[in-house]
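In: Structure, please.
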Amino acid sequence: QVHLVESGGGLVQAGGSLRLSCAASGRNISRTSMAWFRQGPGKEREYVAWSGGTSYYLNSVKGRFTISRDNAKNTVSLQMNSLKPEDTATYYCAAASTGWYVRPKENEYDSWGQGTQVTVSS
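Out: Residues are numbered from 1 along each chain as shown. As a prediction, the model looks like this:
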(Lines give C-alpha, C1' and ligand atoms only; values in the text may rest on other atoms or scores of the structure.)
Protein backbone atom coordinates (compact mmCIF):
# COMPACT_ATOMS: atom_id res chain seq x y z
CA GLN A 1 0.00 0.00 0.00
CA VAL A 2 0.91 3.62 -0.38
CA HIS A 3 0.17 6.46 2.04
CA LEU A 4 -1.86 9.27 0.46
CA VAL A 5 -2.51 12.77 1.77
CA GLU A 6 -4.82 15.19 -0.01
CA SER A 7 -4.73 18.96 0.20
CA GLY A 8 -6.18 21.97 -1.58
CA GLY A 9 -9.85 21.78 -0.72
CA GLY A 10 -11.84 24.76 0.42
CA LEU A 11 -14.77 27.07 -0.18
CA VAL A 12 -15.16 28.66 -3.59
CA GLN A 13 -17.89 30.47 -5.46
CA ALA A 14 -19.56 28.90 -8.46
CA GLY A 15 -17.44 29.43 -11.55
CA GLY A 16 -14.23 29.43 -9.56
CA SER A 17 -11.32 27.02 -9.53
CA LEU A 18 -9.49 24.81 -7.08
CA ARG A 19 -6.51 22.53 -7.41
CA LEU A 20 -6.38 19.42 -5.28
CA SER A 21 -3.11 17.65 -4.65
CA CYS A 22 -2.38 14.16 -3.43
CA ALA A 23 1.05 13.43 -2.02
CA ALA A 24 2.09 9.79 -2.04
CA SER A 25 4.68 8.13 0.15
CA GLY A 26 5.88 4.59 0.61
CA ARG A 27 5.94 3.76 -3.07
CA ASN A 28 6.74 5.45 -6.37
CA ILE A 29 3.41 6.03 -8.11
CA SER A 30 4.73 6.87 -11.58
CA ARG A 31 3.31 3.55 -12.91
CA THR A 32 0.45 3.24 -10.47
CA SER A 33 -3.19 3.79 -11.35
CA MET A 34 -4.31 6.88 -9.48
CA ALA A 35 -7.80 8.26 -9.20
CA TRP A 36 -9.96 10.87 -7.58
CA PHE A 37 -13.33 10.00 -6.10
CA ARG A 38 -15.88 12.19 -4.40
CA GLN A 39 -18.81 11.76 -2.09
CA GLY A 40 -21.34 14.49 -1.65
CA PRO A 41 -23.80 14.79 1.25
CA GLY A 42 -26.40 12.04 0.97
CA LYS A 43 -24.87 10.74 -2.23
CA GLU A 44 -22.97 7.64 -3.27
CA ARG A 45 -19.27 7.88 -4.01
CA GLU A 46 -18.46 8.86 -7.59
CA TYR A 47 -15.45 7.93 -9.70
CA VAL A 48 -14.37 11.38 -10.83
CA ALA A 49 -11.07 10.92 -12.71
CA TRP A 50 -8.39 8.31 -13.38
CA SER A 51 -4.80 8.46 -14.58
CA GLY A 52 -3.04 5.37 -15.83
CA GLY A 53 -2.06 4.33 -19.33
CA THR A 54 -4.78 6.68 -20.39
CA SER A 55 -7.34 8.76 -18.52
CA TYR A 56 -10.98 8.80 -17.58
CA TYR A 57 -13.38 11.50 -16.47
CA LEU A 58 -16.89 11.38 -15.09
CA ASN A 59 -19.19 12.83 -17.74
CA SER A 60 -20.30 15.69 -15.54
CA VAL A 61 -16.72 16.95 -15.08
CA LYS A 62 -15.37 16.46 -18.61
CA GLY A 63 -13.89 19.67 -19.96
CA ARG A 64 -13.76 21.20 -16.47
CA PHE A 65 -11.48 18.88 -14.46
CA THR A 66 -7.99 17.68 -15.36
CA ILE A 67 -5.99 14.97 -13.60
CA SER A 68 -2.22 15.23 -13.80
CA ARG A 69 0.94 13.80 -12.26
CA ASP A 70 4.25 15.14 -11.11
CA ASN A 71 6.44 12.07 -11.02
CA ALA A 72 9.39 13.98 -9.57
CA LYS A 73 7.27 14.93 -6.56
CA ASN A 74 5.32 11.66 -6.45
CA THR A 75 2.05 13.55 -6.55
CA VAL A 76 -1.18 13.54 -8.50
CA SER A 77 -3.40 16.58 -8.84
CA LEU A 78 -6.92 17.45 -9.88
CA GLN A 79 -7.41 20.87 -11.44
CA MET A 80 -11.05 21.85 -11.13
CA ASN A 81 -12.36 24.78 -13.17
CA SER A 82 -15.83 26.24 -13.67
CA LEU A 83 -16.93 24.71 -10.40
CA LYS A 84 -20.62 24.18 -9.77
CA PRO A 85 -22.54 23.76 -6.50
CA GLU A 86 -23.13 20.13 -7.44
CA ASP A 87 -19.36 19.58 -7.28
CA THR A 88 -19.58 20.05 -3.50
CA ALA A 89 -18.22 16.88 -1.90
CA THR A 90 -15.38 15.32 -0.02
CA TYR A 91 -12.73 14.40 -2.56
CA TYR A 92 -10.55 11.35 -2.08
CA CYS A 93 -7.33 10.31 -3.75
CA ALA A 94 -6.85 6.58 -4.31
CA ALA A 95 -4.20 4.20 -5.64
CA ALA A 96 -4.63 0.74 -7.13
CA SER A 97 -1.93 -1.93 -7.04
CA THR A 98 -3.28 -3.47 -10.24
CA GLY A 99 -4.34 -1.98 -13.52
CA TRP A 100 -2.53 0.52 -15.71
CA TYR A 101 -3.95 0.30 -19.23
CA VAL A 102 -7.36 -0.76 -17.94
CA ARG A 103 -9.17 1.51 -15.50
CA PRO A 104 -9.48 -0.26 -12.16
CA LYS A 105 -12.88 -0.78 -10.62
CA GLU A 106 -13.60 1.16 -7.48
CA ASN A 107 -13.17 -1.90 -5.27
CA GLU A 108 -9.70 -2.52 -6.73
CA TYR A 109 -8.26 0.61 -5.10
CA ASP A 110 -6.37 -0.44 -2.00
CA SER A 111 -4.93 2.85 -0.77
CA TRP A 112 -7.08 5.88 0.08
CA GLY A 113 -6.41 9.32 1.42
CA GLN A 114 -8.34 10.89 4.26
CA GLY A 115 -10.28 13.22 1.98
CA THR A 116 -10.45 16.97 1.46
CA GLN A 117 -13.65 19.00 1.49
CA VAL A 118 -14.68 21.07 -1.51
CA THR A 119 -17.64 23.41 -1.07
CA VAL A 120 -18.97 25.42 -4.00
CA SER A 121 -21.39 28.21 -3.13
CA SER A 122 -23.99 29.49 -5.57
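
In: Let me see the ranges of the strands in this protein.
Out: For the chain, strands defined by DSSP state E occupy the ranges 3-7, 10-13, 18-25, 33-39, 46-51, 55-57, 65-70, 75-80, 89-96, 109-112, 116-121.

In: on contacts alone, who are the packing partners of the fifth one?
Out: Secondary-structure packing of strand 46-51 (3 or more CB pairs under 8 Å, 6 or more residues apart in numbering; DSSP states H and E): strand 33-39, strand 55-57, strand 65-70, strand 75-80. C-betas here are computed from N, CA, C, even on glycine.

In: What of the first one?
Out: Contact partners of strand 3-7 among helices and strands, from 3+ CB pairs under 8 Å, 6+ apart: strand 18-25, strand 89-96, strand 109-112.

In: So what's the gap between that strand and the chain middle?
Out: Taking CA atoms, centre = their mean, to the nearest Å, one finds the center of strand 3-7 at 10 Å from the center of the full chain.

In: ok, residues contacting it?
Out: Applying CB atoms under 8 Å, 6 or more residues apart in numbering, the contact partners of strand 3-7 are 20-26, 91-95, 111-116.

In: can you rerun that using 7 Å?
Out: With CB atoms under 7 Å, 6 or more residues apart in numbering as the contact definition, strand 3-7 has outside contacts at 20-26, 91, 93, 95, 111-116.

In: Return the set of buried residues in that strand.
Out: The neighbour-count check on strand 3-7 (16 or more other CB atoms under 10 Å) flags Leu4, Glu6 as buried.
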